[in-house]
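# Here's my sequence, what's the structure:
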Amino acid sequence: MPTFFDYFQIASVLITVLVIVAKTSYLFWGRGINPIAIGGGKKGFLRAVELIAITGLLVWLIEVLLYALHADFRIFPAPFDRVLIDSPIARLIGVILITIGLGFFVLAYLSFGDSWRVGFDVKSPGALVTNGVFAVSRNPIYLFLDLWFVGTFLINGTLIFLILAIAAIAVQHWQIRQEESFLLQLYGQPYQSYCQRTGRYFVW
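Numbers count the residues shown, from 1 in each chain. This is a model prediction of the structure:
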């Protein structure tokens, strides 16, 4: 029988997808802006890493749904289903982390305005956003993803979600560093000043 935690994971996926689709549709149809710039300004290794990361995220989302729906099929082999944590407290902490992350996620999309992009938009990047939730975190969407990956591991407790959480956090940190170099070249001193007063993940 599905539990609260199963329904919660399904709802988190649906909310995330709906927010992205709504924002993309608004920018594309309402503002005449194509926010999908995957691979923009990148070549070779950097472009490959971005494409692999996005593919990995999609695979992870499918695996989350398979677990939440208690499907017989799994993307990864059975040994990766090994349970490392099986605790109601851990699951509750996972729910709290994901809920906090979703809050950052929604606020980020509201604060972004017309500047939201997937990838590096070298042609029409939009204005630098430093207000709203971006005043407390330079990367609220990456922060949300980190909390989501960790929270999902705590809810399901299996080896595969631990491996994917560690890999995702490492890749996303590397991606953030790449974006920082791009944004510094694009916006110059205003971005440098923004970095000095606002934390990469959170203002402590």
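# What is the subsequent helix or strand relative to the lowest-mean-pLDDT helix or strand in the chain?
Every helix and strand of the chain was ranked by mean pLDDT, DSSP states H and E. The lowest is strand 118-119, at a mean of 70. Tracing the chain C-terminally past strand 118-119 and defining elements by DSSP states H and E, one meets helix 140-156 next.
# for the record, mean pLDDT for the helix or strand following that following helix?
Reading on from helix 140-156 to the C-terminus, the next helix or strand found by DSSP H and E is helix 159-187. The average pLDDT within helix 159-187 is 92.
# Run through the residues that contact the residue nearest in space to the middle of the chain.
Central residue of the chain (Cα atoms, centre = their mean): Leu145, 3.3 Å from the mean position. Going by Cβ atoms under 8 Å, 6 or more residues apart in numbering, Leu145 touches Leu57, Gly101, Ala168, Gln172. Placement of C-beta: from N, CA and C, glycine included.
# As TSV, those residues with distance to Phe149 and neighbour count would be great.
TSV is the format used below for the contacts of Leu145 (distance: Cβ to Cβ, whole Å; neighbours: other Cβ atoms under 10 Å):
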residue	distance to Phe149	neighbour count
Leu57	10	16
Gly101	9	23
Ala168	5	21
Gln172	9	19
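# out of those, who's nearest Ala108?
Gly101 (10.3 Å; Cβ to Cβ).
# low-confidence ranges in this protein?
Within the chain, the segments meeting pLDDT under 70 span 38-44, 119-125, 204.
# let's see 80
1, 35-50, 113-126, 203-204 (pLDDT under 80).
# Quick one: distance of stretch 185-202 to the chain centre.
In terms of Cα atoms, centre = their mean, to the nearest Å, the centre of stretch 185-202 is set 20 Å apart from its chain centre.
# now stretch 184-195
Distance, centroid of stretch 184-195 to centroid of chain: 23 Å (Cα atoms, centre = their mean).
# same question, stretch 102-119
Distance of stretch 102-119 from the chain centroid (Cα atoms, centre = their mean) equals 11 Å.
# Many thanks, have a good one.
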